[in-house]
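A.B. asks: The sequence and its predicted three-dimensional model are supplied below.
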Amino acid sequence: MSTTQQEQKTADWQATRAPGPMHELLKKFAGTWTADMTMRMGANQPEMKSTGKLKAELMFGERYLKMEEEGSFMNTPFRDFGMIGYDNYKQKFTAYWCFDMGTQASFLYGTPSADGQMIVFHGVTDEAMTGRRDMPMRLLYRWPDAHTMIFEIWNELGLPQEFKSLEITYRRQ
(Lines give C-alpha, C1' and ligand atoms only; values in the text may rest on other atoms or scores of the structure.)
Protein backbone atom coordinates (compact mmCIF):
# COMPACT_ATOMS: atom_id res chain seq x y z
CA MET A 1 0.00 0.00 0.00
CA SER A 2 1.37 3.37 -0.96
CA THR A 3 1.79 6.22 1.49
CA THR A 4 -1.03 8.13 -0.25
CA GLN A 5 -3.40 5.15 0.08
CA GLN A 6 -2.51 4.75 3.76
CA GLU A 7 -3.07 8.46 4.37
CA GLN A 8 -6.50 8.24 2.68
CA LYS A 9 -7.49 5.20 4.78
CA THR A 10 -6.41 7.04 7.92
CA ALA A 11 -8.41 10.12 6.91
CA ASP A 12 -11.48 7.95 6.18
CA TRP A 13 -11.15 6.27 9.57
CA GLN A 14 -10.75 9.64 11.33
CA ALA A 15 -13.97 10.87 9.67
CA THR A 16 -15.94 8.01 11.24
CA ARG A 17 -14.73 8.93 14.73
CA ALA A 18 -15.96 12.51 15.03
CA PRO A 19 -19.51 13.43 16.07
CA GLY A 20 -21.45 14.89 13.16
CA PRO A 21 -24.85 16.37 12.30
CA MET A 22 -26.76 13.19 13.22
CA HIS A 23 -25.29 13.32 16.71
CA GLU A 24 -27.05 16.66 17.15
CA LEU A 25 -30.36 14.74 17.19
CA LEU A 26 -29.20 12.93 20.34
CA LYS A 27 -29.34 16.24 22.20
CA LYS A 28 -33.15 16.21 21.86
CA PHE A 29 -33.24 13.22 24.23
CA ALA A 30 -31.00 14.69 26.92
CA GLY A 31 -32.59 15.72 30.20
CA THR A 32 -34.94 14.54 32.91
CA TRP A 33 -38.45 13.56 31.86
CA THR A 34 -41.70 12.40 33.41
CA ALA A 35 -43.34 9.48 31.61
CA ASP A 36 -47.00 8.57 31.00
CA MET A 37 -47.12 5.01 29.68
CA THR A 38 -49.87 3.10 27.88
CA MET A 39 -49.24 -0.57 27.17
CA ARG A 40 -51.20 -3.39 25.54
CA MET A 41 -50.26 -7.06 25.63
CA GLY A 42 -52.05 -7.74 22.33
CA ALA A 43 -53.90 -5.98 19.52
CA ASN A 44 -57.31 -6.55 21.12
CA GLN A 45 -56.22 -6.35 24.74
CA PRO A 46 -57.15 -3.54 27.12
CA GLU A 47 -54.75 -0.69 27.76
CA MET A 48 -52.73 -0.59 30.98
CA LYS A 49 -51.50 2.79 32.19
CA SER A 50 -48.63 3.71 34.46
CA THR A 51 -46.13 6.49 35.09
CA GLY A 52 -42.39 6.74 35.41
CA LYS A 53 -39.37 8.92 34.88
CA LEU A 54 -36.44 8.98 32.48
CA LYS A 55 -32.97 10.44 32.81
CA ALA A 56 -31.02 10.76 29.57
CA GLU A 57 -27.49 12.11 29.28
CA LEU A 58 -24.90 12.39 26.55
CA MET A 59 -21.58 10.63 27.01
CA PHE A 60 -18.24 10.06 25.28
CA GLY A 61 -18.04 13.50 23.73
CA GLU A 62 -21.72 13.54 22.70
CA ARG A 63 -21.28 10.37 20.62
CA TYR A 64 -23.77 8.31 22.65
CA LEU A 65 -26.82 8.82 24.79
CA LYS A 66 -27.36 6.85 28.00
CA MET A 67 -31.00 6.48 29.08
CA GLU A 68 -32.15 5.16 32.45
CA GLU A 69 -35.83 4.77 33.16
CA GLU A 70 -37.93 3.57 36.06
CA GLY A 71 -41.62 3.04 36.52
CA SER A 72 -44.08 0.24 37.16
CA PHE A 73 -45.74 -2.39 35.00
CA MET A 74 -48.69 -4.42 36.30
CA ASN A 75 -47.97 -2.97 39.78
CA THR A 76 -44.38 -4.21 39.65
CA PRO A 77 -41.51 -1.69 39.73
CA PHE A 78 -39.09 -1.86 36.78
CA ARG A 79 -35.93 -0.23 35.52
CA ASP A 80 -34.53 -0.22 32.02
CA PHE A 81 -31.35 0.96 30.40
CA GLY A 82 -30.69 2.02 26.85
CA MET A 83 -27.94 3.47 24.74
CA ILE A 84 -28.41 5.25 21.46
CA GLY A 85 -25.69 6.44 19.12
CA TYR A 86 -25.10 7.25 15.51
CA ASP A 87 -22.64 5.08 13.60
CA ASN A 88 -20.90 7.27 11.04
CA TYR A 89 -19.53 4.21 9.25
CA LYS A 90 -22.87 2.39 8.87
CA GLN A 91 -24.74 5.69 8.46
CA LYS A 92 -27.40 4.50 10.93
CA PHE A 93 -28.52 5.10 14.49
CA THR A 94 -27.91 2.20 16.84
CA ALA A 95 -29.88 1.37 19.98
CA TYR A 96 -29.48 -1.20 22.72
CA TRP A 97 -32.15 -1.82 25.39
CA CYS A 98 -32.31 -4.08 28.43
CA PHE A 99 -34.44 -4.10 31.56
CA ASP A 100 -34.67 -5.75 34.96
CA MET A 101 -37.93 -7.64 34.26
CA GLY A 102 -36.13 -10.17 32.06
CA THR A 103 -32.83 -11.15 30.53
CA GLN A 104 -33.69 -10.36 26.91
CA ALA A 105 -32.03 -7.39 25.25
CA SER A 106 -32.85 -5.68 21.97
CA PHE A 107 -30.45 -4.24 19.43
CA LEU A 108 -31.87 -2.02 16.68
CA TYR A 109 -30.82 0.19 13.78
CA GLY A 110 -32.57 3.45 12.99
CA THR A 111 -32.95 6.24 10.47
CA PRO A 112 -34.20 9.79 11.01
CA SER A 113 -37.07 11.43 9.18
CA ALA A 114 -36.11 14.08 6.63
CA ASP A 115 -37.15 16.87 9.01
CA GLY A 116 -35.27 15.39 12.00
CA GLN A 117 -38.43 15.23 14.12
CA MET A 118 -38.50 11.41 14.33
CA ILE A 119 -36.12 8.45 14.42
CA VAL A 120 -37.47 5.02 13.45
CA PHE A 121 -35.64 1.90 14.63
CA HIS A 122 -36.06 -1.67 13.38
CA GLY A 123 -34.85 -4.82 15.07
CA VAL A 124 -35.91 -8.07 16.64
CA THR A 125 -36.73 -9.16 20.16
CA ASP A 126 -37.66 -12.34 22.00
CA GLU A 127 -41.01 -12.60 23.77
CA ALA A 128 -40.91 -15.20 26.54
CA MET A 129 -44.65 -14.87 27.26
CA THR A 130 -45.48 -16.09 23.74
CA GLY A 131 -42.42 -18.27 23.16
CA ARG A 132 -41.44 -16.26 20.07
CA ARG A 133 -37.83 -15.58 19.19
CA ASP A 134 -36.44 -12.97 16.83
CA MET A 135 -39.81 -11.24 16.58
CA PRO A 136 -39.68 -8.14 14.34
CA MET A 137 -40.25 -4.85 16.09
CA ARG A 138 -40.28 -1.18 15.23
CA LEU A 139 -39.55 1.60 17.70
CA LEU A 140 -39.92 5.27 17.07
CA TYR A 141 -39.14 8.48 18.86
CA ARG A 142 -40.78 11.72 17.80
CA TRP A 143 -40.69 15.25 19.13
CA PRO A 144 -43.93 17.22 18.70
CA ASP A 145 -42.26 20.16 20.47
CA ALA A 146 -39.13 20.99 22.48
CA HIS A 147 -40.64 19.75 25.76
CA THR A 148 -42.42 16.58 24.60
CA MET A 149 -41.01 13.30 23.30
CA ILE A 150 -43.16 10.34 22.29
CA PHE A 151 -41.83 6.79 22.19
CA GLU A 152 -43.73 3.93 20.54
CA ILE A 153 -43.12 0.20 20.19
CA TRP A 154 -44.82 -1.62 17.33
CA ASN A 155 -44.65 -5.39 17.01
CA GLU A 156 -46.58 -8.12 15.32
CA LEU A 157 -46.70 -11.12 17.70
CA GLY A 158 -47.62 -13.39 14.79
CA LEU A 159 -50.57 -11.25 13.67
CA PRO A 160 -51.24 -10.27 10.07
CA GLN A 161 -50.21 -6.70 10.87
CA GLU A 162 -48.25 -4.96 13.58
CA PHE A 163 -49.88 -3.20 16.52
CA LYS A 164 -48.72 -0.52 18.95
CA SER A 165 -47.87 -2.33 22.17
CA LEU A 166 -46.44 0.66 24.03
CA GLU A 167 -46.65 4.43 23.91
CA ILE A 168 -44.82 6.67 26.34
CA THR A 169 -45.32 10.41 26.38
CA TYR A 170 -42.35 12.10 28.01
CA ARG A 171 -42.49 15.64 29.31
CA ARG A 172 -39.30 17.51 30.03
CA GLN A 173 -38.92 18.56 33.67
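C.D. replies: The structure has been received and is ready for your questions. As the structure is a prediction and not an experimental result, all values here were calculated from the model.

A.B. asks: contacts and neighbour counts: CA atoms only from here.
C.D. replies: OK.

A.B. asks: Kindly tell me how buried W154 is, as a neighbour count.
C.D. replies: By the measure other CA atoms under 10 Å, the count of residues near W154 is 18.

A.B. asks: and it, what helix or strand is that in?
C.D. replies: If you go by DSSP states H and E, W154 is part of strand 148-155.

A.B. asks: Likewise for E69?
C.D. replies: Using DSSP H and E, E69 maps to strand 64-73.

A.B. asks: circling back to that earlier point, the strand holding W154 packs against which elements?
C.D. replies: Judged by 3 or more CA pairs under 8 Å, 6 or more residues apart in numbering; DSSP states H and E, the packing partners of strand 148-155 are strand 132-145, strand 163-172.

A.B. asks: Strand 163-172 and that one, what's the angle between them?
C.D. replies: 160 degrees (axes from the mean of the first three to the mean of the last three CA atoms, to 10 degrees).

A.B. asks: Sheet partners, orientation included, of strand 148-155?
C.D. replies: Strand pairing for strand 148-155, determined by DSSP bridges: strand 132-145 (antiparallel), strand 163-172 (antiparallel).

A.B. asks: Show residues contacting that strand.
C.D. replies: Identification of contacts with strand 148-155 by CA atoms under 8 Å, 6 or more residues apart in numbering yields 29, 135-144, 162-172.

A.B. asks: run the last query once more with 6 Å
C.D. replies: Outside strand 148-155, the residues within contact range by CA atoms under 6 Å, 6 or more residues apart in numbering are 137-143, 162-171.

A.B. asks: Pull the distance from it to the chain's centre.
C.D. replies: Computed by CA atoms, centre = their mean, to the nearest Å, the separation of strand 148-155 from the middle of its chain amounts to 9 Å.

A.B. asks: same thing with stretch 2-14?
C.D. replies: Distance, stretch centre to chain centre, for stretch 2-14: 34 Å (CA atoms, centre = their mean).

A.B. asks: cool, and stretch 30-50?
C.D. replies: Centre-to-centre, stretch 30-50 and its host chain are 15 Å apart (CA atoms, centre = their mean).
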